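Peer 1: Sequence below, structure please.
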Amino acid sequence: MSEVANDKGQDAVPSASNGSKKKSPKSDKPVRVKNPNNVASKAYTVDLKIQGTNNSSIVSKRSVERLYKEKHDLEFFRYFVKKPQRRSPIINRGYWTRMEAMGYCISAALSEKAPKHVIVNLGCGYDPYPFQHLHKHGSTANLVFVDVDYPDLMQIKVDTIRRSEELTALVGEEKPAADIKDKSVLMQTDNYIALSCDLRDLKKFESIFRNLDFIVEGDNNPLILFTAEVSVTYMFQKDADNLLQWCASLPKSRFALLEQIIPAGPEHPFAKTMLAHFDSLQTTLWSVKKYPSIPAQYERFSSLGWKAVSGISLAQFWDSYVPAEKKEFVENVEAFDEWEEFLLFLNHYSIIYGGADIFQASKSEYPEHEEFVLKCEKPTSEAHRIGAAASGFQGGVILNGGQAQNRESSSLLISLDDSDEFIVDKNNMIARQYHSLSEIEPGVILLAGGRSSPTKKFSDCHILKDGSWKLTFDLPEGRFRHCTQGTLLFGGSDSQDQWLRFAPTAGWKALKCGTHYATPYAATLIMKTPTEGILLGGMDAKGNLGKEVYSVTISDDDVVTLSQIPMENPLLYARCGAQGVYHGGRYLFIGGVSYDILFNEHNQVVELDTKKGKPIPVKLPFKSYPLLVSHTVNIVYNCIVVAGGGAVCFSFGVFHSDPEVVGNRNLKVIKEQRPSEEVKTEINSTILSVEEGSLEAFPAAYVNATPTIFRKCDIGSSSELWKSHHYLKSKVGEDTKVSVHVADNKNLNFQSKNFSYQTLSFGELLKLISDIEADSGSRKSAYLRSLSLDNPKSEATDLCKDFPGIAPDFKLPKEMAEFIGKKVFSTPLRISSSKTQIWLHYDVTANVLCQVTGTKRIRMYHPRDVVHLDFPAGESSSRIPNIFVHESCAQAYEVVMNPGDILFIPPMWLHAVEPQTESISVNCFWKDLDDNKYSKTKDIYGNKDLASYESGREGIKKIADKFAGLPADIKEFYLKRLAEELKQM
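Peer 2: The predicted structure follows:
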């Protein structure tokens, strides 16, 4: 009679009903048997539902067996589960802990000296404890396993054993039916007995059990361990207590009871979700109503005749009784990051042992506490996000990402003022959880890290400014479950550098700290000022909680100093996943989970008095009893705003916490609104200047995708030497063949092909340019964009390889060269006559344009304006003949480059070029995406569209073809609807 695990589809052996051999349908729903007596029919249906919990739980235990079995273990659940399913990591780990706890109790009983040991599994279901033990330790005349459950279920178990040679060999030879005293004993060997009985009929069970002849006169009685793993809790409380009392009356008896508890009461969010789940299945948990806590279970056992009682929660069992090597083994089986949900589950289960002290006394009594009460306004239920990140922003709190029905990348604004707008451009971030948001300057938000799964952690960072998210410097390594305060970041998963500082123009740098904080995962950093705060809580890689509190001070040169603060009663603050704020002169520590306490409404918030070294519980009168895990806490307008939070409550359902504000303001949730997409029609004659920057800011320009001009850079001797045609011819070779764009006009356009490609010698090219420059009225143009000299159709040009005579004259500044590194794709040489305009186009790779000689005018447009500048579908060049005189609604940016200037051009930025004089320049293109993102076809220029766009165009054609044959107006109607849908993606 094990517990339901939210299984869909019955994968266990079929249940019988009323002795019938008809198989049940593949469902967790029990077979309903018609019965003329309605009362009996209802009772029988409930019994079937209780039996059905076995079919569910063993599928989960089978999942554990397949994944977590140790070397040389055999798989025994496979005999009872036909179609195995892999459960989620938290389900697997929860059931592993349950099974480990029961195994611990059995081992404790077997370690006691006795003439014989009898292990009786009450409500055994298909649990294979007898087979597992007999396989590991072999059969002995001094050990007997007794399985007890409903008759129909036990008959199936016995039939399964008899069909299996392996199981039959383990349990041994059956006794003849004539030697079995009671027909309720379906199978009996020297080491195994299968007993069918409804445990509510205690007289019958007692009669059957005594007929097994275990109880004898004198001191030669066996030690009898009764086990009940989530089974007798389904019995009415009086029936279950009578059973426990009878077991206590037997000589040398022990009882291991594993079942649910609700130590923080039935209104605790996890408990409420769990109880509702079992009630909905008509498998009510009766025991928790009278025995909701471990102390209540102690009193229960004592009052029912058990002289010795010990018990702990499963959370305490995991923490103190699972050996380190087993924890390490479990950690290595599958990725896991559901610690809050795991500990919530474990804190709602207890293992109570009657008859001997095998556990230390429970430490989970709530300590005496002071409290002060803050006012809390009515919550709203519109912002349900588990594991979201949040920060104060625009008179409220911005909440980003997290898990709602799906993992999110969007944001919400929880407003505490009169705002009704939250206008943000759509971001292209991967949806994530357990990242961080912090306000690094007024109105500017930094997003850092996070994860999509425990094995997929992110290093990317983004800045929200003026309604737009922009990519910024990556973290040195991916991390999640870290904490940030402004530009300061601490801890997180697998963090090599525990302390980092962010600078918008330089990225992240590691800070020095003489003390290594032992539990950085989901720790809590609370800063009183930018240089002073406290650090506490968290977890290490082995699952140990931090039990110390440290002061944090940061010097002017960014050195972090940690000093331990003596603090009493660590039960209140040794937590993982808590949040903290400094409010009203107090350090407030809010939420989280622990092994020793299931925090309730009286102690889930504590003030940490660092002067007295005392944690003081604070009661916040929340309207909705939030589940303060995977949540966020911020201070806005002197109010505490708690948002996000909640948990997947094991297999019982999901609980989402409503956002609440503690203070004298109301809150409202505003969803992201996109900027107005009105069609631009007015001519924009304003031309903005391209931003200037220092070379130290080049990485920032790159990660922010901001076109930037870097003036008067050191590019080597090329800016002087290349002024001389004579020098160039001598170094390149006068007869070296090059392909040149030649035209009788000044406005070259790739779409109209108003030029010709001519193969000239390098000397002829320079003479042609000299002739054009000498004739002030000439309309001719000459433009060299170098190609590979050896393989112009298959290789990108390389200045060093194609022009080795002059390449040493040119160099990129060290700041750029080191940043670009080995990602360089192409380095073309460009030589052109004056006023030779190169058409408006874009490149899919980032590049820097280095002006060597002459001056050059550059016109640029943001990628979003591609729709306004006449780019044909599938083309990277515009049809506009002369963009420099073209009137458009798009915003233009311009810059004039002089020798030594370098222009950074981000991918997809539209740009056109007009040399003011004879001009020589060098480009450096580099690829910053994975190779599989680029076009699969040859692309020596680096301007073929990305593979996803190419395949997308093919997909659009297929979509359009589906509307073939429809009237034109209907086709247009639906295609426009699809187009609008694309805009929202």
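Peer 1: just how off-centre is the helix or strand harbouring T484 within its chain?
Peer 2: For T484, the element it lies in under DSSP states H and E is strand 483-485. Computed by Cα atoms, centre = their mean, to the nearest Å, the chain-centroid distance of strand 483-485 equals 18 Å.
Peer 1: try stretch 720-727
Peer 2: Its chain's average C-alpha position is 58 Å from that of stretch 720-727, according to Cα atoms, centre = their mean.
Peer 1: in that stretch, what counts as buried?
Peer 2: By 16 or more other Cβ atoms under 10 Å, the buried positions in stretch 720-727 come out as L721, W722, H725. Every C-beta, even on glycine, is put in place using the N, C-alpha and C of the backbone.
Peer 1: hmm, back to that, please enumerate residues in contact with the strand holding T484?
Peer 2: Taking Cβ atoms under 8 Å, 6 or more residues apart in numbering as the criterion, the residues outside strand 483-485 that touch it are 436-438, 446, 448, 489-492, 523-525, 527, 530, 533.
Peer 1: which among those end up buried?
Peer 2: Buried members of the contacts of strand 483-485, scored by 16+ other Cβ under 10 Å, are 436-438, 446, 448, 489-492, 523-525, 527, 533.
Peer 1: What about A522, how many residues nearby?
Peer 2: The number of residues packed near A522 is 30, by other Cβ atoms under 10 Å.
Peer 1: tally of neighbours for P906?
Peer 2: Around P906 sit 22 other residues, with neighbours defined as other Cβ under 10 Å.
Peer 1: Wait, it touches A846, no?
Peer 2: Yes: with contact defined as Cβ atoms under 8 Å, P906 and A846 form a contacting pair (5.8 Å).
Peer 1: Next, show the common contact partners of the two.
Peer 2: By Cβ under 8 Å, 6+ apart, the residues touching both P906 and A846 are Y702.
Peer 1: circling back to that earlier point, could you dump the buried residues of stretch 720-727 into JSON lines and include distance to F589, pLDDT and secondary structure?
Peer 2: What follows is the buried residues of stretch 720-727, written out as JSON lines (distance: Cβ to Cβ, whole Å; pLDDT from 0 to 100; DSSP: H, G, I helix; E, B strand; the rest coil):
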{"residue": "L721", "distance to F589": "67", "pLDDT": "97", "secondary structure": "helix"}
{"residue": "W722", "distance to F589": "66", "pLDDT": "97", "secondary structure": "coil"}
{"residue": "H725", "distance to F589": "75", "pLDDT": "97", "secondary structure": "helix"}
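Peer 1: and which of the residues you listed is nearest P675?
Peer 2: Distances from the buried residues of stretch 720-727 to P675 were compared by Cβ to Cβ; the smallest belongs to W722, at 45.8 Å.
Peer 1: Where does L471 fall, secondary structure wise?
Peer 2: Assignment of secondary structure by DSSP H and E places L471 within strand 468-472.
Peer 1: What pairs with that strand, parallel or antiparallel?
Peer 2: The sheet places strand 468-472 alongside strand 461-465 (antiparallel), with pairing taken from DSSP bridges.
Peer 1: Please write out the alpha-carbon positions of the strand it pairs with in PDB.
Peer 2: What follows is strand 461-465, C-alpha atoms only, in PDB (Å, rounded to 0.1, in the frame of the first residue of the first chain):
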ATOM      1  CA  CYS A 461      24.900  38.700 -19.300                       C
ATOM      2  CA  HIS A 462      22.600  41.400 -20.500                       C
ATOM      3  CA  ILE A 463      21.900  45.000 -19.700                       C
ATOM      4  CA  LEU A 464      18.400  46.600 -19.800                       C
ATOM      5  CA  LYS A 465      18.600  50.300 -20.600                       C
END
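Peer 1: thinking S921 is in contact with T855, fair?
Peer 2: No: counting by Cβ under 8 Å, S921 does not reach T855; the two are 10.5 Å apart.
Peer 1: Now do the same contact list for N191.
Peer 2: N191 touches P130, L134, S139, T140, L143, V144, F145, V171, G172, counting by Cβ under 8 Å, 6+ apart.
Peer 1: For it, give me phi and psi.
Peer 2: When quoted as degrees, to the nearest 10, the phi and psi of N191 stand at phi -120, psi 0.
Peer 1: Now it. Nearest residue, chain neighbours left out?
Peer 2: Using Cβ to Cβ, 6 or more residues apart in numbering and skipping residues adjacent in sequence, the residue nearest N191 is S139, 4.9 Å away.
Peer 1: Next up, the contacts around the one you found.
Peer 2: S139 makes contact with L170, G172, D190, N191, according to Cβ under 8 Å, 6+ apart.
Peer 1: Report the buried members of these.
Peer 2: When burial is judged by neighbour count using 16+ other Cβ under 10 Å, the buried members of those are L170, N191.
Peer 1: Which ones among the contacts of S139 map onto helices?
Peer 2: Judged by DSSP state H, helices contain the following of the contacts of S139: L170.
Peer 1: from the contacts of S139, which is closest to H117?
Peer 2: For the contacts of S139, the closest approach to H117 (Cβ to Cβ) belongs to N191, at 10.7 Å.
Peer 1: per-residue pLDDT, that closest one?
Peer 2: Here the pLDDT value assigned to N191 is 96.
Peer 1: Verify the stated contact: G854 with E914.
Peer 2: No: with contacts defined as Cβ under 8 Å, G854 does not count as touching E914, sitting 11.5 Å away.
Peer 1: Please identify every residue contacting each of these two.
Peer 2: With Cβ under 8 Å, 6+ apart applied, the contact sets of G854 and E914 do not overlap.
Peer 1: if we can go back for a sec, run me through the strand neighbours of the strand holding T484, direction for each.
Peer 2: As defined by DSSP bridges, the strand partners of strand 483-485 come to strand 488-490 (antiparallel).
Peer 1: Looking at S921 and T855, which has the bigger crowd around it?
Peer 2: Ranked by neighbour count (other Cβ under 10 Å), S921 and T855 place S921 first, with 24 against 17.
Peer 1: tell me which element the more buried one is part of?
Peer 2: When secondary structure is defined using DSSP H and E, the element that contains S921 is strand 919-926.
Peer 1: what's next to that strand, contact-wise?
Peer 2: For strand 919-926, with Cβ under 8 Å, 6+ apart as the criterion, the contacting residues are 718, 722, 796, 799, 810, 812, 816, 820, 823-832, 834, 843, 845-856, 897, 942.
Peer 1: Spatially nearest residue to G543, not counting backbone neighbours?
Peer 2: In space, and not counting its chain neighbours, G543 is closest to K327: 6.0 Å by Cβ to Cβ, 6+ apart.
Peer 1: Next, the buried residues of the host helix or strand of the one you found.
Peer 2: K327 belongs to helix 324-331 when elements are defined using DSSP H and E. Using 16+ other Cβ under 10 Å as the burial criterion, the residues of helix 324-331 that qualify are V330.
Peer 1: Distance of I534 relative to Y582?
Peer 2: I534 sits 9 Å away from Y582 when distances are taken as Cβ to Cβ, to the nearest Å.
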